[in-house]
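Undergrad: My questions are about this predicted structure, shown below with the sequence.
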Amino acid sequence: MSVTDIAAADLADSVRIVRQTEPLVQSLTNTVTINDVANVTLHWGGLPVMADSFGDAGEMAELARAVLINTGQVPDGRVEAMHEAGRKANERGIPVVLDPVGVGSTPSRQAVAESLLSDIDFTVINGNYGEISALAGVEAEVKGVESVGDYDAIDRTAHSLAESTDAIVVASGIDDIVADADGAVRLTAGHEMLGEVVGTGCMLGGTIATFCGAIDDASTAAVHGTLGFGIAGERAADLEYAGPGSYRTNFRDAVSGITSDVAAALDLEDRVETVH
């Protein structure tokens with residue numbers, strides 16, 4: 001199914017499937033956000049495991065329903081483990097999500113991302129506007145792990161990357177773009193406070209991997225995982241908070257609170273717009 005065929009109103013079904021399935025999600029992520037990724041996986045209803053050493057990573061991928069590879073830190077041993085887990089997931093036919101953190105900011109990160117793309121078939125590639133643009137070969141400005149600059153053509157850029165990699169591409173920003181080889185949609189969901197908390201991009205990767213581990217159709221998993229994440233950001237802002245720290249706690253509570261019944265009661269009309 002193409003991303004342009006996904007109905008926002010069916011989010012409730014996806015949330016129910018994730019919580020009933022309880023997918024084991026193997027995440028190789030950076031130490032800055034490892035706890036956040038593990039918790040958001042758990043709060044959506046998945047089972048997190050964070051095996052990131054060579055040998056253990058491949059063995060755990062033998063058991064998982066989905067694998068997340070996050071390049072926030074790229075020491076040699078972890079990169080080897082990423083390749084091992086990704087190849088094992090490909091052999092088993094389970095989804096692999098790539099979060100190319102900071103790609104485009106240094107030659108080393110660019111080389112790691114390119115090596116992973118050449119070795120592993122990714123189901124979803126999730127990054128901010130700058131990271132997706134850098135992977136697509138479009139001029140981008142990435143400082144550290146943050147995307148800066150203007151990306152007026154991000155829908156076309158995401159679509160181009162989806163065509164070249166045969167993956168579903170999620171470009172996160174003010175609005176989120178989800179693209180595949182057939183087209184792209186813009187998701188209107190989220191809150192500005194998400195940008196004030198370190199690691200929300202990594203948590204989005206964990207969310208998408210969790211949905212992919214439970215839902216057979218990867219396009220549905222990518223769209224609904226991204227949409228659900230944005231809705232949680234909005235609901236977190238509806239709760240009282242004093243700043244980024246308490247908002248971060250609210251966000252985790254909001255994710256946990258999005259049950260299928262809650263999602264079914266949401267007004268999701270006009271949340272998904274075909275743009276390409």
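TA: Arrived safely, thanks for sending. Numbers count the residues shown, from 1 in each chain.
Undergrad: Report the secondary structure state of residue 270.
TA: coil (DSSP: H, G, I helix; E, B strand; the rest coil).
Undergrad: tell me the pLDDT at the closest residue in space to it that isn't next to it in sequence?
TA: Closest residue to residue 270 apart from its sequence neighbours, by C-beta to C-beta, 6 or more residues apart in numbering: residue 188 at 7.0 Å. C-beta here means a position set from N, CA and C on the backbone, and glycine is covered the same way. Predicted confidence (pLDDT) for residue 188: 93.
Undergrad: same check, this time on the one 3 residues further on
TA: According to the model's per-residue confidence, residue 191 sits at a pLDDT of 94.
Undergrad: And for residue 233?
TA: Per-residue confidence (pLDDT) for residue 233: 96.
Undergrad: how near is it to residue 255?
TA: Applying C-beta to C-beta, to the nearest Å, the value for residue 233 to residue 255 is 9 Å.
Undergrad: re earlier: contacting residues around the residue nearest to residue 270?
TA: Contact analysis of residue 188 by C-beta atoms under 8 Å, 6 or more residues apart in numbering lists 175, 230, 270, 271, 272, 273.
Undergrad: likewise residue 30?
TA: By C-beta under 8 Å, 6+ apart, the neighbours of residue 30 are 70, 71, 72, 73, 101, 202.
Undergrad: Filter these down to just the ones in strands.
TA: Cross-referencing those against strands under DSSP state E gives residue 70.
Undergrad: just the contacts of residue 30 now: which is nearest residue 9?
TA: Nearest to residue 9 among the contacts of residue 30, counting by C-beta to C-beta, is residue 202 at 28.2 Å.
Undergrad: quick one: the closest one and residue 100 touch, right?
TA: No. The criterion here is C-beta atoms under 8 Å, and residue 202 misses it with residue 100 at 11.5 Å.
Undergrad: Burial check on residue 135, number of neighbours?
TA: Look at residue 135: counted by other C-beta atoms under 10 Å, it has 26 neighbours.
Undergrad: Go ahead and flag the most central residue of the protein.
TA: By C-alpha atoms, centre = their mean, the mean C-alpha position of the chain lies nearest to residue 205, the distance being 2.5 Å.
Undergrad: and the gap between it and residue 13?
TA: 22 Å.
Undergrad: do residue 136 as well
TA: From residue 136 to residue 13 the distance is 32 Å (C-beta to C-beta).
Undergrad: out of those two, which sits in the more crowded spot?
TA: More neighbours surround residue 136 than the other of residue 136 and residue 13, with 22 against 16 (other C-beta under 10 Å).
Undergrad: ok, and the closest non-adjacent residue to residue 17?
TA: residue 214 (5.2 Å).
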